[in-house]
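Student: give me a model of this one.
(2 chains)
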Protein chains: 2
Amino acid sequence: MSDTDSPRRRTRGGGGAARRAERTAVSVETAKYIERNIPNFEVLTEEALQIIEANAETVLAEIGVNFVDNPYALDLWREAGAEIDGERVRIPRGLARELCKTAPSTITQHARNPERSVEIGGKNLVIAPVYGPPFVRDAEGGRRYATMADFNKFVKLGYMSKWLHHSGGTVCEPTDVPVNKRHLDMLYAHMSLSDKPFMGSVTEPSRAQDSVDMCEILFGGLDGRTVMTSLININSPMTFDSIMMGALEVYARANQACIISPFIVGGAMAPVSVAGTLTQVLAEVLAGVAYSQLVRKGAPVIMGAFVTSIDMNSGAPTFGTPEASHITYGAGQLARRLGLPYRSAGSFCGSKLPDAQAAYETANSLNMGLLSGVNFMLHGCGWLEGGLVSSFEKFVMDADQLGALHHFAKGVSIDENAQAMGALREVGPGGHFLGCEHTQNNFKTAFWRSDLFDYKPFETWADEGERDTVALATARVEKQLNDYQQPHLDPAIDEALRAYVREKKDSMQDSFI
Amino acid sequence: MSDTDSPRRRTRGGGGAARRAERTAVSVETAKYIERNIPNFEVLTEEALQIIEANAETVLAEIGVNFVDNPYALDLWREAGAEIDGERVRIPRGLARELCKTAPSTITQHARNPERSVEIGGKNLVIAPVYGPPFVRDAEGGRRYATMADFNKFVKLGYMSKWLHHSGGTVCEPTDVPVNKRHLDMLYAHMSLSDKPFMGSVTEPSRAQDSVDMCEILFGGLDGRTVMTSLININSPMTFDSIMMGALEVYARANQACIISPFIVGGAMAPVSVAGTLTQVLAEVLAGVAYSQLVRKGAPVIMGAFVTSIDMNSGAPTFGTPEASHITYGAGQLARRLGLPYRSAGSFCGSKLPDAQAAYETANSLNMGLLSGVNFMLHGCGWLEGGLVSSFEKFVMDADQLGALHHFAKGVSIDENAQAMGALREVGPGGHFLGCEHTQNNFKTAFWRSDLFDYKPFETWADEGERDTVALATARVEKQLNDYQQPHLDPAIDEALRAYVREKKDSMQDSFI
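Tutor: Just a heads-up that it's a prediction; the model follows:
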């Protein structure tokens, strides 16, 4: 069981009611997911889209994809009309796209706090934190293997982050818990320390089933509701392994959402060109999404595209690059033509530190995520060092920047108040607008304001120790963790979840695979 | 006279031919200005554009603009049909837009090296460095008043920066030279230390004339060629002062290009709303550009928009914010409908240090500059602390990022090689693309690569001292200044320029206004 001190805090005796009431005053406002009132940026022409779509059908029909160690999948594909050759599945032109049509275009993912349920699809953007790093970094402790204590801290930070709509999944890998047990602790953390929506386990079909079972407890029965969005990576190029597909099968049958996502470093797992990579991405997604619909028609799925470029000198993946942007924009166009929700982008960077390189790369990626029409942004904050590290400071830095995306997405109001003709007449040439009535009436909501960045006069900033962004972020992490209060969870449900975790753990030997 | 050691180097005697030849091998490649093969991002609807355009005409006709201390301008406006009331000029609906029609839609600015001449307008983007800061900062010396020695260093860095097309103007204010003489040193630095195009002085009409006179020497007569692009700020709201207008008059008569640019911190110099600010920007630009055409029909001008938001807590200008982006995108649409080249965006940030805040804010602004259709980007690198500081490290950091803009702007190739169907067939499911023929043929040019950022393995990076972006940038500044070699300038021209500067300086008392 993960160590979460908050349940103990709640049962602690002795006149703490007033103190608790005071603590309750801490705001844990969460913004509604982004509903864009802006157009998408489209980098591909109609001609380019048609060529890529035709080529993807050629890939499926003539090259095919592999479903590895999965006779069940091969049977489904054979019945659907694909040509099976060993583990190779060749899909006649048009079949995969036809099968994709039963996937819903929008997914409602319920949170245990109904105010925090999200709609994934359409013009919406739902943002979740970083996923998967085995290491964590903070200014004080440097880089080290992640533990369950780190995991809990990230879930708390996610809960406290106004612009984050989703608690995510493996916000870091808790390497101090055996691999076959850690999903239980991670799920319990998301369920108990936050009330935002979250992701399920995908590292084994049985762990996906544990995720569904724990959700049954948390939600008091699911009744067909979608309450998880989980990450199913394709083993690019064009390979669907049985572990990920097994998890997908569990989730599809339970009506739980999956992101079906190529995982591509261009030049290694896909061609070195943008058009070639997009062709492969589309072929892989078509095959994966079609398979989800063979498992169960109507299963909720998201078209994923985790695609970045490679540094041909070092072989390292690179982030925030122009070619990654081309692919992200192009894949968004392909997703919309397929009628599927789209997952891409995030707080991507290759830098080892949350420094200027990290911020340039991340801002490039976040901006393209917004403008490319992404509906679900995993890795929306906290990603460092090519995904090897979850950074505490970068988590709050990125999470703050997400506010700018919310405000940009509102678009430009043109109503009479926004036209401000009265202000222009009132002030006139040579005047100033600071004191005019229009400014007084609108200044509080007119401009987005960072909760983190330094806007102080130079002298004040110098007097306060010339703090850089990392220093400001360290202070913000500490404050958010101090201010954190666990959202209420029915004690009976909490105990049932704990019992489930305890019994599952007791039934297994520790395993590190 | 500024201290530039290179002329002395060239006249140094003694068998240095081989050494000079070796030094000449240092690459000072400059990329061609960006020719976009991507669409523009448009945030305003047709309806919103029409409302803003109609409101701007109302501002001009009913509120009017002030031309201060400038009876000449008032005469021109009266003759053109405007209503004059003291210094207030009210322009009948449609008149200013009609007058703007004689301004060219594209401007060729000649450089003394013809390979570095630029076309400003259409789908092009020409990038120039930071302009105006009284302070400089570097990692070693911290923040201090700028000197002519700093200025020369920035011009050299600009010359060495591959992705920078333009040498700019006041890359920092050389505070150690009297105000009435410093333009001479600055011009001589751009003319002798670089061969890229540059900007003229605008702080006095006579200094604009000096700029024209020195260009006559440098280019051996101008013959109507445009060889400077200079920055004419409007004193927002809606005020045109006689100093800036006097410089504009000099340049318009000499067929030299001017950026006619509102300078707005929203909420102070314009309404606190985006639509209201855009209305004012358009009204000001219409009046300013129309005036340039009254001075001389066909005078080359650029529609400027330096607009940012304000932090209503501290009163500080803020940068890289969503509202600044809305305005920049919207002003681009208005400029295209006017048929004028467009200047906006830059390496804007409010941070005191070249840290993550600076990079997030800057990346937001650079990306929107590219996607908003900006044709001339002043402040493209080196801006720090709200424009108070030119930063050496940030100069090379930003200049490196400009490479990403170049590559993104190329758009997506869809030719047969880019489609990569051969590679997809060759590699197939489960393979990898690193060694395939298509990758071998294309990897060198496929992906943009930073010349600054860290892409090394973690262990190598750790062994080399865990350098952050600032440390890498400090080293790059030093290397670029060491590698710098002055481009050849005809000694007779050089001497004539030096004589002009010497004589002008000798004719004046020092003045600090």
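Student: let me know how buried the spatially closest residue to A:Gly220 that is not a sequence neighbour is, in neighbour terms.
Tutor: Leaving aside its sequence neighbours, A:Gly220 sits nearest to A:Ile493 (Cβ to Cβ, 6 or more residues apart in numbering or on different chains; 7.5 Å). All C-beta spots, glycine's among them, are computed from the backbone N, C-alpha and C. The tally of other residues near A:Ile493 (other Cβ atoms under 10 Å in any protein chain shown) stands at 16.
Student: output whichever strand or helix holds A:Ile493 as PDB, restricted to C-alpha atoms.
Tutor: Using DSSP states H and E, A:Ile493 sits in helix A:491-506. Below are the C-alpha coordinates for helix A:491-506, written out as PDB (Å, rounded to 0.1, in the frame of the first residue of the first chain):
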ATOM      1  CA  PRO A 491     -14.700   5.800   3.800                       C
ATOM      2  CA  ALA A 492     -16.500   2.500   2.900                       C
ATOM      3  CA  ILE A 493     -15.300   2.800  -0.700                       C
ATOM      4  CA  ASP A 494     -11.800   3.800   0.400                       C
ATOM      5  CA  GLU A 495     -11.700   0.700   2.700                       C
ATOM      6  CA  ALA A 496     -13.000  -1.500  -0.200                       C
ATOM      7  CA  LEU A 497     -10.300  -0.300  -2.500                       C
ATOM      8  CA  ARG A 498      -7.700  -0.800   0.100                       C
ATOM      9  CA  ALA A 499      -9.000  -4.300   0.700                       C
ATOM     10  CA  TYR A 500      -8.900  -5.100  -3.000                       C
ATOM     11  CA  VAL A 501      -5.300  -3.900  -3.200                       C
ATOM     12  CA  ARG A 502      -4.300  -5.800  -0.100                       C
ATOM     13  CA  GLU A 503      -5.800  -9.100  -1.200                       C
ATOM     14  CA  LYS A 504      -4.400  -8.800  -4.800                       C
ATOM     15  CA  LYS A 505      -0.900  -8.200  -3.400                       C
ATOM     16  CA  ASP A 506      -1.200 -11.000  -0.900                       C
END
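Student: ok so, going back, the residue nearest to A:Gly220 contacts A:Ile217, doesn't it?
Tutor: Yes. Using Cβ atoms under 8 Å, A:Ile493 makes contact with A:Ile217 at a distance of 6.4 Å.
Student: sec struct for the residue in the stretch 151-300 of chain A positioned nearest to chain B, please.
Tutor: Of all residues in the stretch 151-300 of chain A, A:Gly276 sits closest to chain B, at 2.7 Å by Cβ to the nearest Cβ. Per DSSP: H, G, I helix; E, B strand; the rest coil, the local secondary structure of A:Gly276 is helix.
Student: excluding its backbone neighbours, what's nearest it?
Tutor: Nearest to A:Gly276 is B:Ala420, by Cβ to Cβ, 6+ apart, at 2.7 Å.
Student: surely A:Val285 meets A:Gly304?
Tutor: Yes. Using Cβ under 8 Å, A:Val285 is in contact with A:Gly304, at 7.2 Å.
Student: what is in contact with these two at once?
Tutor: Contact criterion Cβ atoms under 8 Å, 6 or more residues apart in numbering or on different chains; residues shared by A:Val285 and A:Gly304: A:Ile260, A:Ser261, A:Pro262.
Student: tell me the one among the residues you listed nearest to A:Gly373.
Tutor: Proximity of the shared contacts of A:Val285 and A:Gly304 to A:Gly373 (Cβ to Cβ) peaks at A:Ser261, which lies at 16.0 Å.
Student: what is the neighbour count of A:Asp75?
Tutor: 12.
Student: near chain B, which residues of the stretch 51-200 of chain A show up?
Tutor: A:Ile51, A:Ile52, A:Asn55, A:Thr58, A:Val59, A:Glu62, A:Ile63, A:Gly64, A:Val65, A:Asn66, A:Arg88, A:Arg143 (Cβ under 8 Å from any Cβ of the partner chain).
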